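Student: return a 3D structure for these sequence lines:
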Amino acid sequence: MTSKETGRDMLEMKGISKSFFGVRVLDKVDLTVGHGEVHALLGENGAGKSTLMNILGGVYTRDAGQVIFLGKPLENTTVRLAENAGIAFVHQELNLFNDLRVYENIFLRKEIVHSFGVLAKKEMIARTQELMAQLGVDIPATAMVSELETSKKQMLEIAKALYAKAELFILDEPTTSLNTAEIEMLFDLIRRLREHGKSFIFISHKLQEVFEIADRYTVLRNGQMVQTGDIAQVTATDIARMMVGQQYTDQSVYQPRELGEVVLKAEKLSGQGFRQVSFSVRRGEIVGFTGLKGAGISEMFSTIFGALPIYGGKLTLFGEEITSNTVRGAMRRRLAMIPSNRKENSVIPDFSLLENFYISEHRLSENEPIINKNTELKRYGTHRDALSIKANTPYDMITSLSGGNQQKVILARWLNTRSDILLLDNPTQGIDVGSKAEIYSLIQQLALEGKTILVNTLEIPEIMKVADRCVVFFHGRVHTILDREQITEERVMIAATNAAQTEVNA
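Tutor: Numbering: from 1, shown residues only. Here you go, the predicted model:
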């Protein structure tokens, strides 16, 4: 049933305002979502999307405005009240208990019990299996959640909310950790639920996905609503300009460069998740690496950086064969790595910007254990200006920054070690289009200064924007190496899926 048929939207948020410590983060924002609708909520990091959704989900209280859900005003909303009303918030960091089984997560705080408080396990298992069957999802009720793939955990979150009778689902960057096939599985589930009148607020920085799944959109910028409408009436470039302003450009930032000598060479290199990999990279070169999720590129980057062992083959850095690879050794050889998932693997949340900045350099110079505060402040200031890091003071917690600025601090951390080779594993993951453009320009500028950069990304347009060459992996091996003029989305996907060989075998 659509909102037109009911004559009323499922959700109406009118004039929502919110301030923190005197700073206005939402200014009279409106948002309406119809019945059976996927509504994309878009904007740069810091635009106000999370604050607006946290108000809807009962995490924050609003300073002004009105929220009407299913025709009833929501007042003094808490997380529990929002859930009871039928609003489910599926966070990017999933709220599941890995050490419980699937049915135990479904029935948590809603357990079915027999007399004397004995759990009705068989009934809960049966109901869970019935729920999964209705959704068309193959998840065994008795499976441990820790053993599930990320895509199935996403679907379990949705199933859990459905059992709690949710009508509106807030999906916060739901595809960040999913591959192409898993994304399509998730989208199929969303479409089926939409047909039954369920609605979704879809938050994503991947505009291609937005245009695939969304019916309508609302764009926020600097805490204000910029525009709302039907997704069919706009283009991705239109949306990007709304998000970042008229300064947005979708043009390539690539600049040709004189390349130097070979500084990194892999010859039949093998390790955890990859085997028999051969390629070489020259000084000042940008090489993009891509493939389907799980193709082995992240593991290879970690091996080059010394975090994982070499199983076989040969790795040469600056003309020296590496016989014992360690992280300390890699750092001393002027290698740096920004791993994927900065929240888990890069950012130290209890440290300030300054502490996050100098920690790697201090590790290298641990023979000089005294930290000179003035020296570190000067170095931080230099890198802050060079990378255009938007922050108040060096003593602010790094978690106070947007995702893009956090990533710049991590990049500054490694530049502070005077690294010459940068391994960037999905460096723009979870970053808005404006910050992505800044990261692309930074990569290009660093290459012009003679840095060698290896970039792993699932987003082929990123490679097309910055790379000199593209190395495509398939099942842990190099399938194809493309020169810049050969890189197209079609060629890369054919190689990443081994489609040509599959057709021959068929």
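Student: can you pull out the strands in the stretch 151-300 of the chain?
Tutor: Assigned by DSSP state E, counting those that start in this stretch, the stretch 151-300 of the chain shows strands spanning 168-172, 199-203, 216-221, 224-230, 262-271, 274-282, 286-290.
Student: could you dump those into JSON lines and include distance to residue 108 and mean neighbour count?
Tutor: For the C-beta atoms, the positions are set from N, CA and C on the backbone; glycine is no exception. Below are the strands of the stretch 151-300 of the chain laid out as JSON lines (distance: least, CB to CB, whole Å; neighbours: other CB atoms under 10 Å):
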{"stretch": "strand 168-172", "distance to residue 108": "18", "mean neighbour count": "23"}
{"stretch": "strand 199-203", "distance to residue 108": "23", "mean neighbour count": "24"}
{"stretch": "strand 216-221", "distance to residue 108": "32", "mean neighbour count": "22"}
{"stretch": "strand 224-230", "distance to residue 108": "36", "mean neighbour count": "15"}
{"stretch": "strand 262-271", "distance to residue 108": "39", "mean neighbour count": "19"}
{"stretch": "strand 274-282", "distance to residue 108": "39", "mean neighbour count": "18"}
{"stretch": "strand 286-290", "distance to residue 108": "39", "mean neighbour count": "25"}
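Student: format these as a markdown table; extra columns: mean pLDDT and distance to residue 237.
Tutor: Output for the strands of the stretch 151-300 of the chain, formatted as a markdown table (pLDDT from 0 to 100; distance: least, CB to CB, whole Å):
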| stretch | mean pLDDT | distance to residue 237 |
| --- | --- | --- |
| strand 168-172 | 92 | 24 |
| strand 199-203 | 95 | 19 |
| strand 216-221 | 94 | 13 |
| strand 224-230 | 95 | 14 |
| strand 262-271 | 96 | 36 |
| strand 274-282 | 96 | 33 |
| strand 286-290 | 95 | 22 |
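Student: now render the ones you listed as a markdown table, adding distance to residue 388.
Tutor: A markdown table is the format used below for the strands of the stretch 151-300 of the chain (distance: least, CB to CB, whole Å):
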| stretch | distance to residue 388 |
| --- | --- |
| strand 168-172 | 26 |
| strand 199-203 | 25 |
| strand 216-221 | 18 |
| strand 224-230 | 23 |
| strand 262-271 | 27 |
| strand 274-282 | 27 |
| strand 286-290 | 20 |
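Student: and the ones you listed: which comes nearest residue 330?
Tutor: Ranking these by proximity to residue 330 (CB to CB) places strand 262-271 first, at 11.0 Å.
Student: how near is residue 240 to residue 187?
Tutor: Counting by CB to CB, to the nearest Å, the gap from residue 240 to residue 187 is 22 Å.
Student: what's the pLDDT at the residue nearest to residue 332 when sequence neighbours are not counted?
Tutor: Excluding the flanking residues, the one nearest residue 332 by CB to CB, 6 or more residues apart in numbering is residue 364, at 7.0 Å. The score at residue 364 is 70. That number is its pLDDT.
Student: tell me how many other residues crowd residue 364.
Tutor: For residue 364, the count of nearby residues is 14 (other CB atoms under 10 Å).
Student: how about residue 184?
Tutor: With other CB under 10 Å as criterion, residue 184 counts 13.
Student: go on, residue 151?
Tutor: 22.
Student: also residue 29?
Tutor: 24.
Student: swap in residue 376?
Tutor: Residue 376: 18 surrounding residues under other CB under 10 Å.
Student: in what helix or strand does it lie?
Tutor: Taking DSSP states H and E as the criterion, residue 376 maps to helix 373-387.
Student: what helices or strands is that helix leaning on?
Tutor: In terms of contacts (3 or more CB pairs under 8 Å, 6 or more residues apart in numbering; DSSP states H and E), helix 373-387 is packed against helix 353-364, helix 403-415.
Student: can you list the domains in the chain?
Tutor: Following automatic domain parsing, one gets these domains for the chain: 3-244, 260-334+420-506, 344-418.
Student: switch those over to JSON lines; also include distance to residue 253.
Tutor: Conversion of the domains of the chain to JSON lines gives the following (distance: least, CB to CB, whole Å):
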{"stretch": "domain 3-244", "distance to residue 253": "15"}
{"stretch": "domain 260-334+420-506", "distance to residue 253": "5"}
{"stretch": "domain 344-418", "distance to residue 253": "14"}
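Student: can you tell me which of those the model trusts least?
Tutor: domain 344-418 has the lowest average pLDDT among the domains of the chain, namely a mean of 79.
Student: now do it: distance to the chain's middle.
Tutor: Remark: domain 344-418 is offset 22 Å from the chain centroid, using CA atoms, centre = their mean, to the nearest Å.
Student: start the count at 153, not 1, going forward
Tutor: New numbering, starting at 153: the last item is domain 496-570.
Student: counting neighbours, go ahead and name the busier of residue 392 and residue 339.
Tutor: residue 392 (22 against 17).
Student: quick check: the more buried one vs residue 299, distance?
Tutor: Here the criterion is CB to CB. By it, residue 392 lies 39 Å from residue 299.
Student: again, but for residue 548
Tutor: As judged by CB to CB, residue 548 and residue 299 stand 39 Å apart.
Student: residue 291 now?
Tutor: 11 Å.
Student: and what of residue 478?
Tutor: Counting by CB to CB, the separation of residue 478 from residue 299 is 32 Å.
Student: cool, and residue 447?
Tutor: 22 Å.
Student: who has more neighbours out of those two?
Tutor: Neighbours were tallied for residue 447 and for residue 299 using other CB under 10 Å; the higher tally belongs to residue 447 (24 against 11).
Student: the more buried one is in contact with residue 630, isn't it?
Tutor: No. Residue 447 sits out of contact with residue 630 when judged by CB atoms under 8 Å, with a separation of 10.0 Å.
Student: tell me which of the strands of the stretch 303-452 of the chain lies nearest to residue 528.
Tutor: strand 414-423 (28.6 Å).
Student: can you give the contact residues for the closest one?
Tutor: Here strand 414-423 makes contact (CB atoms under 8 Å, 6 or more residues apart in numbering) with 428-435, 451-452, 455-456, 460-470, 572-573, 604, 606.
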